[in-house]
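Colleague: Any chance you could fold what I've pasted below:
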Amino acid sequence: MDQSSSTLRIRRSARIIVLDPLVRALMFRFDVPDRPPFWVTAGGECEPGESFEEAARRELFEETGITADPGKQIARTTPQFVTVEGEPVQADERYFLIRVAEAVITTTNHTALEQKLMTQHRWFTLPELDQWPEAVFPETLGQMIKELA
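Modeller: Next up, the predicted model:
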């Protein structure tokens, strides 16, 4: 990205690492036109006036159907990237951990944009996260999970 971080909009977002009993991470595949596919954790941008914790709770329900307290922030990343809408941003991503009893989710609450671009979801083992042929974000997710497990 060519823009300096001082000219980019700060995009506040909450990301949720959802782990099942086998320590597999739930990931969503995005297929954005004219870009290679990529996989990300549940989560998204904070709405105006929304805390990171509130955004984590909302995004968790919207993307998985799970209602849970996200607990305390476990990590933070500040990558620069281009959003699915094509806007270069400086992200402020806060990570939360949710452990689920079973690997079952629902995608019926996805927004129209999510329905269009989030084409798959699956549970990744730690070795799969490290070796997957498509991009996985954050790139350090496997290490983050190892430190939590």
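Colleague: Can you pull out the low-pLDDT segments for this protein?
Modeller: 1-5 (pLDDT under 70).
Colleague: ok, which stretches of it are helices?
Modeller: 52-64, 112-117, 126-131, 141-148 (DSSP state H).
Colleague: now the ones you listed in a markdown table, with mean neighbour count and distance to residue 97?
Modeller: Glycine gets a C-beta too; all of them are placed from N, C-alpha and C. A markdown table is the format used below for the helices of the chain (neighbours: other CB atoms under 10 Å; distance: least, CB to CB, whole Å):
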| stretch | mean neighbour count | distance to residue 97 |
| --- | --- | --- |
| helix 52-64 | 21 | 10 |
| helix 112-117 | 13 | 22 |
| helix 126-131 | 14 | 15 |
| helix 141-148 | 16 | 6 |
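Colleague: and of these, who's closest to residue 17?
Modeller: For these, the distance to residue 17 is smallest for helix 141-148, at 6.6 Å, taking CB to CB.
Colleague: What are the neighbouring residues in contact with residue 136?
Modeller: Applying CB atoms under 8 Å, 6 or more residues apart in numbering to residue 136 gives the contacts 27, 38-40, 124, 129.
Colleague: quick one: which of the residues you listed sit in strands?
Modeller: Judged by DSSP state E, the contacts of residue 136 include 27, 38-40, 124 as members of strands.
Colleague: what's the nearest residue to residue 72 if we skip its chain neighbours?
Modeller: Sequence neighbours aside, residue 96 is the residue nearest to residue 72 in space, at 7.6 Å (criterion: CB to CB, 6 or more residues apart in numbering).
Colleague: so how far is residue 7 from the one residue sitting closest to the centre of the chain?
Modeller: Among the residues of the chain, residue 41 comes closest to the average C-alpha position under CA atoms, centre = their mean, at 2.9 Å. With the distance defined as CB to CB, to the nearest Å, residue 41 ends up 27 Å from residue 7.
Colleague: Spell out the residue ranges of the strands in this protein.
Modeller: 9-19, 25-30, 38-40, 42-45, 75-77, 80-82, 88-99, 118-124, 135-137.
Colleague: Need the nearest residue in space to the residue nearest to the centre of the chain, chain neighbours excluded.
Modeller: residue 15 (4.8 Å).
Colleague: what about the one you found, how many residues close to it?
Modeller: For residue 15, the number of neighbouring residues by other CB atoms under 10 Å comes to 25.
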